[in-house]
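Undergrad: everything below, folded, please.
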Amino acid sequence: MQATLLTIALAPLVGAIIAGFFRNQVGRRGAHIVTIAGVAVSCLLSMHVFKLIAFDGLPTYNENVYTWFEAGGYSAHVGFLVDRLTAMMMVVVTFVSLMVHVYTIGYMAEDPGYQRFFSYIALFTFSMLMLVMSNNFLQLFFGWEAVGLVSYLLIGFWFKKPSAIFANLKAFLVNRVGDFGFLLGIAAVLMYFGTLDYATVFANRLAIDGKTIELVAGHAWAVPTVICILLFIGAMGKSAQVPLHVWLPDSMEGPTPISALIHAATMVTAGIFMVARMSPLFEMSETALATVAVIGATTAFFTGLIGLVQNDIKRVVAYSTLSQLGYMTVALGVSAYSAAVFHLMTHAFFKALLFLGAGSVIMAMHHEQDMRYMGGLRKYLPVTYWTAVIGTLALVGTPLFSGFYSKDAIIVAAQSAAHHGGAAFAYAYYAVLFGVFVTALYSFRLLYLTFHGKERFVVDAQHGDAHHDDHGDDHGHHEPGHLAHAPHESPLVVTIPLVLLAIPSVAIAWFFVQPMLIGDFFAGSIFVDIRHAPLAHFAKEFHGVVAFALHGLSTLPFWLAFAGFALATYLYLFNPAMPGRIYAALRPLARVLENKYGFDDLYQALFARGSVLLGRGLWRGGDVAVIDGAIVNGSAAVVERAASIMRWMQSGYLYHYAFAMILGLIALLGAFVWIE
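TA: Residues are numbered from 1 along each chain as shown. Purely as a prediction, here's the structure:
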């Protein structure tokens with residue numbers, strides 16, 4: 001098993017090294033062959049491991065591969081913990097990554113950084129695998145930081161674009177805030193448990209029950225609460241929860257394949273996976289759970305609203321990701337960890353499908369991303385259209401589609417927590433409930449503006465090859481809505497991944513909803529306190545995949561989703577002039593959403609500009625006045641003054657020196673006499 005797990009983790013790394021360091025030797029074709037082969041090997045072996053653990057009864061694997069270092073009484077190891085939770089994550093990460101790798105052949109075909117991009121995405125896959133397969137906090141932190149580093153490289157892949165450099169720096173800095181809390185949480189674990197090994201920490205978790213710590217003198221906090229909230233701050237950064245969500249929409253500055261990889265299966269799901277893995281600790285703190293639920297609910301509803309006013313096709317899908325991450329976080333907060341990771345799994349497939357579908361549209365539109373200059377594309381892009389329909393139906397929670405089962409499970413769990421918990425859980429329930437309407441509204445708005453209605457673009461051969469500067473190269477700009485030639489369907493390397501992702505978007509939940517949400521699939525991987533039974537009502541209502549889908553037709557979430565669909569259909573198909581009038585009537589509210597509630601402006605004023613002002617103040621008051629003025633220039637002035645005095649004393653006449661020696665001798669003798 002150890003050899004298999006090492007191969008799974010290291011195969012993408014080998015491909016990344018070859019494509020990156022030997023890109024000139026292997027060329028473009030060699031770069032995609034070695035990276036795709038490495039990820040394909042990882043995917044196939046991950047499926048094999050999943051079969052062994054999930055169906056063949058193979059026990060959980062928890063072994064150290066080698067000792068990293070030893071310091072005093074502490075030893076750090078690199079090791080693997082592979083249970084059903086890990087095995088599921090391994091399959092999701094490698095399968096979606098494989099689809100993105102294949103898709104990239106078509107999307108990045110003309111990009112000069114072709115080999116570099118393949119190296120980065122393979123390295124991203126390796127980093128995420130190290131994160132989910134780790135059996136200790138230190139290795140978890142290594143994978144955590146590695147995905148952050150590679151995301152920085154990928155978001156700013158087109159480094160000639162100032163907006164891309166700004167976006168990757170923004171992502172890097174915001175994640176440093178979250179990672180600081182995460183590191184403090186890991187340090188607290190080490191302080192109270194004396195080890196960073198998962199199994200040892202979880203087995204001895206009751207040792208911190210009842211212990212307190214004074215972060216502020218006179219105010220005692222429960223140690224489990226402090227540890228869990230600090231760890232969750234890390235999850236807020238990686239999984240883009242309010243108020244650390246601002247980096248994720250800007251990550252759209254990177255190429256579309258990496259948008260799919262970041263948003264669907266790797267970086268943003270790391271926080272959700274981490275909290276689920278830490279369920280034995282989180283179950284010790286009701287305060288931490290309530291905090292998680294409130295943050296997730298706020299993210300789920302309010303970031304979804306921003307998607308209603310976005311015109312960039314990728315940004316609409318990005319805000320959809322933020323909202324769905326909020327749903328997963330709410331599930332974590334109400335102790336429905338299995339529902340959270342189940343939604344993580346289904347969401348990975350249909351969100352990757354939607355992002356890659358958006359990329360196919362962008363390719364057809366010559367890298368135009370504004371939906372106001374699209375329309376009527378379904379006849380040009382039939383495969384992209386129907387796969388986008390499937391992804392949309394899964395996202396809004398249409399019965400029989402995978403997203404329906406995972407999203408409904410979260411809503412039912414939140415409702416159960418609202419009945420038995422306090423105001424925090426009631427707020428979470430209503431946020432995810434009404435978020436269903438918002439999700440349907442912006443999802444079908446995207447579908448209609450892109451693929452339906454009249455064509456809002458002009459095929460204008462006079463513009464030649466001028467196109468949008470999407471790749472950061474100076475090829476000129478086209479007028480919005482003007483294309484050099486008519487749109488056409490993407491090549492097979494793009495459409496085949498779309499079809500392969502559409503299949504699990506429909507059907508993956510049929511096979512796993514019962515064992516994962518009702519059965520004991522995650523027994524031993526996820527711990528839920530006996531006082532919490534978040535999915536008991538879901539289990540009582542579930543009588544099979546089809547029966548539950550039919551039951552869903554009579555529930556409030558379905559009718560809210562239908563209302564969002566009906567409103568979008570009326571506004572964007574039957575009365576396309578109405579959205580403009582609504583926008584004019586609700587301009588103040590629309591401006592709030594367009595400004596993203598002012599978070600960017602606030603952070604820029606407080607942190608960006610504030611940091612600049614602080615730096616200038618320290619420079620002028622510290623560097624210029626103290627260091628340069630007092631220390632450097634001041635000491636130079638003292639030396640210069642002393643040197644000028646010494647120069648005046650050095651006359652060059654022998655009798656002057658003899659006279660000075662006599663005066664010195666007299667002074668010395670006088671001193672001796674005075675001392676006596």
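
Undergrad: max-length strand in this protein?
TA: In the chain, taking DSSP state E as the definition, the longest strand is strand 61-71.

Undergrad: right, and the helix or strand after that one?
TA: Once the chain leaves strand 61-71, the next helix or strand it forms, by DSSP states H and E, is strand 74-82.

Undergrad: now that next one against strand 61-71, angle please.
TA: Compare the direction of strand 74-82 with that of strand 61-71 by axes from the mean of the first three to the mean of the last three C-alpha atoms, to 10 degrees and you get 160 degrees.

Undergrad: any low-confidence regions in the protein?
TA: Along the chain, the model assigns pLDDT under 70 to residues 461-481, 608-610, 621-622, 624-625, 628-630, 648-649, 651, 655, 676.

Undergrad: any idea which element the residue sitting nearest the centre point of it lies in?
TA: By C-alpha atoms, centre = their mean, the mean C-alpha position of the chain lies nearest to residue 268, the distance being 2.8 Å. Secondary-structure assignment from DSSP H and E places residue 268 in helix 267-277.

Undergrad: against which helices or strands is that helix packed?
TA: For helix 267-277, the packing partners by 3 or more C-beta pairs under 8 Å, 6 or more residues apart in numbering; DSSP states H and E come out as helix 84-107, helix 114-133, helix 137-155, helix 223-238, helix 313-333, helix 337-364. Any C-beta I mention is one placed from the backbone N, CA and C, and that applies to glycine too.

Undergrad: count of residues packed around residue 658?
TA: Applying other C-beta atoms under 10 Å, we find 10 residues neighbouring residue 658.

Undergrad: give the helix, strand or coil label for it.
TA: Three-state secondary structure (criterion: DSSP: H, G, I helix; E, B strand; the rest coil) places residue 658 in helix.

Undergrad: residues in contact with residue 408?
TA: 397, 538, 548, 552, 555, 557 (C-beta atoms under 8 Å, 6 or more residues apart in numbering).

Undergrad: swap the cut-off to 7 Å and go again
TA: 397, 552, 557 (C-beta atoms under 7 Å, 6 or more residues apart in numbering).

Undergrad: again with residue 208
TA: Going by C-beta under 7 Å, 6+ apart, residue 208 touches 192, 223-224.

Undergrad: state the distance from the nearest residue to residue 386 once chain neighbours are set aside to residue 124.
TA: In this structure, residue 386 finds its nearest non-sequential neighbour in residue 502, 7.9 Å apart by C-beta to C-beta, 6 or more residues apart in numbering. Distance check for residue 502 against residue 124: by C-beta to C-beta, to the nearest Å, it reads 23 Å.

Undergrad: more neighbours: which of the two?
TA: Neighbour count, other C-beta under 10 Å: between residue 502 and residue 124, residue 124 has more, with 28 against 22.

Undergrad: quick one, what contacts the more buried one?
TA: By C-beta under 7 Å, 6+ apart, residue 124 lies in contact with 147, 150, 154, 261, 266.

Undergrad: residue 157 belongs to a strand, doesn't it?
TA: No: residue state for residue 157 (three-state DSSP) corresponds to coil; a strand is not indicated.

Undergrad: for it, which non-adjacent residue is closest in space?
TA: According to C-beta to C-beta, 6+ apart, the nearest residue to residue 157 is residue 254 (5.4 Å).

Undergrad: check contacts around the one you found.
TA: By C-beta under 7 Å, 6+ apart, residue 254 lies in contact with 154-155, 157, 164.

Undergrad: and if you look at residue 26?
TA: Residues near residue 26 by C-beta under 7 Å, 6+ apart: 18-19, 34.

Undergrad: those in helices, which ones?
TA: With helices taken from DSSP state H, the overlap with the contacts of residue 26 comprises 18-19, 34.

Undergrad: got these as CSV, with distance to residue 116 and neighbour count columns?
TA: Supplementary listing: those in CSV, determined by distance: C-beta to C-beta, whole Å; neighbours: other C-beta atoms under 10 Å:
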residue, distance to residue 116, neighbour count
18, 13, 23
19, 8, 29
34, 14, 24
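
Undergrad: that's all I had, so thanks and see you.
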